[in-house]
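J.: The sequence and its predicted three-dimensional model are supplied below.
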Amino acid sequence: MLDIIKRPIITEKAMKLGENGQYVFEVYPEANKIQIKKAIEDLFEVNVVSVRTLNVKGKSKMRMTKRGIMKGRTALKKKAYITLKQGQTIELVTGAAGE
């Protein structure tokens, strides 16, 4: 169950959301909101109020090599925006912002 969460996303936007008790995680594309909620609650021992998910499509990429133009795509991703109960925080995510 804990392998649903890939990693926390630590960006400026995510840090601003962290001040309001919201956190952003990259999750596996097959995971649903119920599984994500249970995994967060088990892993960090917090109460999750809501889960919003977002599928991020891969981009087309091209580069020039000796053999010519190589085309490819970046991987598909799924993000989960987690809102915690008032007054609760996740130390792993907030601790990285202070460093």
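T.: Perfect, I can see it now.
J.: ok, the closest residue to residue 6 other than its chain neighbours - how many residues close by?
T.: Spatial nearest neighbour of residue 6, excluding adjacent residues (CB to CB, 6 or more residues apart in numbering): residue 26 at 4.4 Å. Any C-beta I mention is one placed from the backbone N, CA and C, and that applies to glycine too. Residue 26 sits with 15 neighbouring residues when counted by other CB atoms under 10 Å.
J.: Look up how far residue 53 lies from residue 26.
T.: Taken as CB to CB, to the nearest Å, the spacing of residue 26 relative to residue 53 amounts to 11 Å.
J.: Poorly predicted segments of the protein, please.
T.: Applying pLDDT under 70 to the chain flags residues 1-2, 92-99.
J.: quick one: the helices in it?
T.: 12-18, 33-44, 91-98 (DSSP state H).
J.: how about the shortest one: buried residues?
T.: Which is helix 12-18. For helix 12-18, burial by neighbour count (16 or more other CB atoms under 10 Å) applies to 14, 15, 17, 18.
J.: Ok, stretch 63-79 next?
T.: Judged by neighbour count using 16+ other CB under 10 Å, the buried positions of stretch 63-79 are 77, 78, 79.
J.: Likewise for stretch 79-86?
T.: Result for stretch 79-86 [16+ other CB under 10 Å]: buried residues 79, 80, 81, 82, 84.
J.: got these as CSV, with distance to residue 70 columns?
T.: Output for the buried residues of stretch 79-86, formatted as CSV (distance: CB to CB, whole Å):
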residue, distance to residue 70
79, 28
80, 32
81, 35
82, 37
84, 43
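J.: quick one: which of these is nearest residue 3?
T.: Lowest distance from residue 3 to the buried residues of stretch 79-86 (CB to CB) belongs to residue 80, with 14.2 Å.
J.: Look up how far residue 14 lies from the most centrally placed residue in the chain.
T.: Nearest to the geometric centre of the chain sits residue 25, at 1.9 Å (CA atoms, centre = their mean). According to CB to CB, residue 25 stands 9 Å off from residue 14.
J.: my guess is residue 86 contacts residue 21, does it?
T.: Yes. Using CB atoms under 8 Å, residue 86 is in contact with residue 21, at 6.7 Å.
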